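Trainee: turn this into a model:
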Amino acid sequence: MKELFYKYSNQKDLIAIRTPSQKIYYYELFELSYKVSSNIKSLNLSSKYIPILASNSIEFVVTIISLWNLGLVPVPFNIRWTINEIKSIIERFQFEKIFYEKSFYEKITDLVIEKIPIDDLFDNKKLEKNNSKEEEAVVIFTSGSTGSPKGVVHTFNSLSNNVLNSSNALNLNKSDRWLALLPFYHIGGFQIICRTLISGSEIIIPDSLDYNSMKIAIEKLKPTHLSVVSTQIKYLIDNKIIPNKEIKRTFIGGGFFDDELIFKAYNIGWKPVRVYGSSETASMITSASIDDIKVKPNTVGKPFKNVNIIVSDKGEILISSNSLFKEYLLDEKTTKIKLKDGFYHSGDIGKIEDGYLFIEARRDDLIITGGENVNPQEVEQALLKIKGIKEAYVFGIDDEKWGHKVCAAIISDSNLSIDYINNILSKEISSFKIPKEIFFLKEIPKTSLGKIDREKLKMIITNKILR
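Mentor: Predicted structure coming up:
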């Protein structure tokens, strides 16, 4: 399947990537990648897994393809991770080298690892092609129940199968332009690269992922496709931003998005499609059009072809597909727990009605806020390191802007301020993991088995909010 990603590599009149200031054709993209591959090969890398710390850019895409040329596996890092989070990942997986964008050097300056600026890879050297048939294509990090991000290993087969399975929903061809509004280190963003390479369409990379750059890119570069999370589409709706007439699909994922807002987006002209998927499934595996939602409110739609979804006796959503991940990097135990008898055990709770899938609870060990996965145990551990905090429980509550927002209930024997707590947390965890609300309690209710009584806690917090 790897050859599918190189299908348009000789096209000299087909735009591959456009930014507000430049454009690059498919032939140029691949020619540049072969040159960069030559530079990478000269580094004599001993490991096939190569971390990349960089923002969305043409250079990012070229670097990915250059590693593929050599049979190497890119491992995109979340640029919002703190120094300590990056250090922990590097030590855990024993990475030896990291490619980095110079603006992020401060995050790795003190780390014991060979640091290679991406800019240095783009020096002119002899062009060299490599036709490696290495299967693995990328490692995408995702949060998990252990508190440490898991490395989800995907192959060229799983990535390309996901694109092919979703072809009817995508409605993507060579004349289309996909605006990259999700970071490439997340599967939703990375698959934009794969979809466009396979279809011969164009990636639009805005100057940044902030709202203003998003608005400018939509107005000036006229995309046909968007992938967004709830906070982004809500911004477009609230600010009454009218879509360009070329828009064909706006895919909305990364957590629940209310039907009412879906209809608002539709009425404005965004042509919304609600999707469901995960890092492990190589992004979206179901989709619900506006007509589907009218018939089956709150559905995430029907599975794509080559995707089989069943619900276990306990209500867990189990997924079988040729787009499933290969394994978790260096984690055979979790791989065996999650991949059993050909099915991925998602941890999500749901039901199937007339072939339509409904998500009743997304992984109760995760909080999905603004498209980011937050592991509550990780945040609890960071809180408990703060002197004066005796107990901490982190949870998500519904929020119009974020989908869910991270909140914490704590018991403290000191007079700690929220600003003080947040200041310490900002040095330990990424900003999106920091609780947006902190509730100081005298006691956190527990069951007779010593577990958190979620229902009682929910009532306590609700009463506090209503006061």
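Trainee: shaky segments in the stretch 201-350 of the chain?
Mentor: The model of the stretch 201-350 of the chain has no residue with pLDDT under 70.
Trainee: now do the helices in it.
Mentor: Ranges of helices in the stretch 201-350 of the chain, per DSSP state H, counting those that start in this stretch, are 211-221, 230-238, 259-268, 290-295, 332-338.
Trainee: may I see the buried residues of the fourth one?
Mentor: Of the residues in helix 290-295, those buried by neighbour count under the rule 16 or more other CB atoms under 10 Å are 290, 292, 293. Bear in mind the C-beta positions are built from the backbone N, C-alpha and C, glycine included.
Trainee: what packs against that helix?
Mentor: Taking 3 or more CB pairs under 8 Å, 6 or more residues apart in numbering; DSSP states H and E as contact, the helices and strands that helix 290-295 lies on are helix 259-268.
Trainee: same for the helix it packs on, what does it pack against?
Mentor: So helix 259-268, by 3+ CB pairs under 8 Å, 6+ apart, packs with helix 230-238, strand 249-253, strand 272-278, helix 290-295.
Trainee: want to throw those into a markdown table with distance to residue 109?
Mentor: Formatted as a markdown table, those follow (distance: least, CB to CB, whole Å):
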| stretch | distance to residue 109 |
| --- | --- |
| helix 230-238 | 31 |
| strand 249-253 | 35 |
| strand 272-278 | 33 |
| helix 290-295 | 49 |
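Trainee: what's the most buried one of the helices of the stretch 201-350 of the chain?
Mentor: With neighbours defined as mean count of other CB atoms under 10 Å, those peak in mean count at helix 230-238, which reaches a mean of 20.
Trainee: closest to residue 37 out of the helices and strands packed on helix 259-268?
Mentor: strand 272-278 (30.6 Å; CB to CB).
Trainee: picking up where we left off before, of the helices and strands packed on helix 259-268, which is nearest residue 324?
Mentor: That would be strand 272-278 among the helices and strands packed on helix 259-268, by CB to CB, at 10.0 Å.
Trainee: so what touches that closest one?
Mentor: 142, 169, 187, 233, 249-253, 257, 262, 265-266, 283-290, 293, 299-301, 346, 357, 359 (CB atoms under 8 Å, 6 or more residues apart in numbering).
Trainee: any idea of the angle it forms with strand 249-253?
Mentor: If you take axes from the mean of the first three to the mean of the last three CA atoms, to 10 degrees, strand 272-278 sits at 40 degrees to strand 249-253.
Trainee: pairing partners for strand 272-278, with directions?
Mentor: Partners of strand 272-278 in the sheet, by DSSP bridges, are strand 249-253 (parallel), strand 283-288 (antiparallel).
Trainee: how about a markdown table for those strands, with mean neighbour count and distance to residue 387 added?
Mentor: Output for those, formatted as a markdown table (neighbours: other CB atoms under 10 Å; distance: least, CB to CB, whole Å):
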| stretch | mean neighbour count | distance to residue 387 |
| --- | --- | --- |
| strand 249-253 | 24 | 40 |
| strand 283-288 | 27 | 42 |
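Trainee: can you list those in TSV and add distance to residue 429?
Mentor: Formatted as TSV, the strands paired with strand 272-278 follow (distance: least, CB to CB, whole Å):
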stretch	distance to residue 429
strand 249-253	24
strand 283-288	25
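Trainee: which residues does residue 358 contact?
Mentor: When contacts are counted by CB under 8 Å, 6+ apart, residue 358 touches 296, 298, 299, 300, 350, 351, 352.
Trainee: and the closest residue to residue 199 other than its chain neighbours, how close does it get to residue 395?
Mentor: Nearest residue to residue 199, sequence neighbours excluded (CB to CB, 6 or more residues apart in numbering): residue 172, at 4.6 Å. The gap separating residue 172 from residue 395 is 38 Å, by CB to CB, to the nearest Å.
Trainee: find the residue at the geometric middle of the chain.
Mentor: Note on the chain: the residue nearest the mean C-alpha position is residue 186, at 2.8 Å, using CA atoms, centre = their mean.
Trainee: report pLDDT for it.
Mentor: Per-residue pLDDT puts residue 186 at 94.
Trainee: looking at it, it is touching residue 140, isn't it?
Mentor: Yes. Between residue 186 and residue 140 there is a contact at 7.1 Å, judged by CB atoms under 8 Å.
Trainee: which neighbours do the two share?
Mentor: With CB under 8 Å, 6+ apart, residue 186 and residue 140 have common neighbours residue 279.
Trainee: returning to what we had before: out of the helices and strands packed on helix 259-268, which is closest to residue 3?
Mentor: strand 272-278 (24.5 Å).
Trainee: relative to helix 230-238, how tilted is that closest one?
Mentor: Strand 272-278 and helix 230-238 are oriented at 170 degrees to each other (the same axes, to 10 degrees).
Trainee: change the start of the numbering to 23 and stick with it
Mentor: Yes, from this point I'll number from 23; that puts the last item at strand 294-300.
Trainee: in strand 294-300, what's buried?
Mentor: For strand 294-300, burial by neighbour count (16+ other CB under 10 Å) applies to 294, 295, 296, 297, 298, 299, 300.
Trainee: which residue packs closest to residue 326, ignoring adjacent ones?
Mentor: Closest residue in space to residue 326, ignoring its immediate chain neighbours: residue 187 at 4.2 Å, by CB to CB, 6+ apart.
Trainee: how about that neighbour, phi and psi?
Mentor: Dihedral angles phi and psi of residue 187 (degrees, to the nearest 10) take the values phi -60, psi -30.
Trainee: ok, it - contacts?
Mentor: Counting by CB under 8 Å, 6+ apart, residue 187 touches 307, 326, 327, 328, 329, 343, 344, 345.
Trainee: reformat the residues you listed as CSV; add distance to residue 485.
Mentor: Shown next, in CSV, are the contacts of residue 187 (distance: CB to CB, whole Å):
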residue, distance to residue 485
307, 39
326, 44
327, 48
328, 48
329, 43
343, 44
344, 49
345, 45
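Trainee: which one of those residues is nearest to residue 92?
Mentor: Using CB to CB, the shortest approach to residue 92 within the contacts of residue 187 belongs to residue 345, at 24.3 Å.
Trainee: could you say which helix or strand contains residue 191?
Mentor: Secondary structure from DSSP states H and E places residue 191 in helix 189-192.
Trainee: helices or strands up against the following helix or strand past that helix?
Mentor: Going down the chain from helix 189-192, the next helix or strand is strand 199-201, by DSSP H and E. For strand 199-201, the elements it packs on are helix 209-221, strand 224-226, helix 233-243, strand 247-251, judged by 3+ CB pairs under 8 Å, 6+ apart.
Trainee: for residue 172, find the nearest of the ones you listed.
Mentor: The minimum distance between residue 172 and the helices and strands packed on strand 199-201 falls on helix 209-221, with 12.3 Å, by CB to CB.
Trainee: for the helices and strands packed on strand 199-201, please prepare JSON lines with the additional fields distance to residue 102.
Mentor: Converted to JSON lines, those look like this (distance: least, CB to CB, whole Å):
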{"stretch": "helix 209-221", "distance to residue 102": "13"}
{"stretch": "strand 224-226", "distance to residue 102": "22"}
{"stretch": "helix 233-243", "distance to residue 102": "17"}
{"stretch": "strand 247-251", "distance to residue 102": "14"}
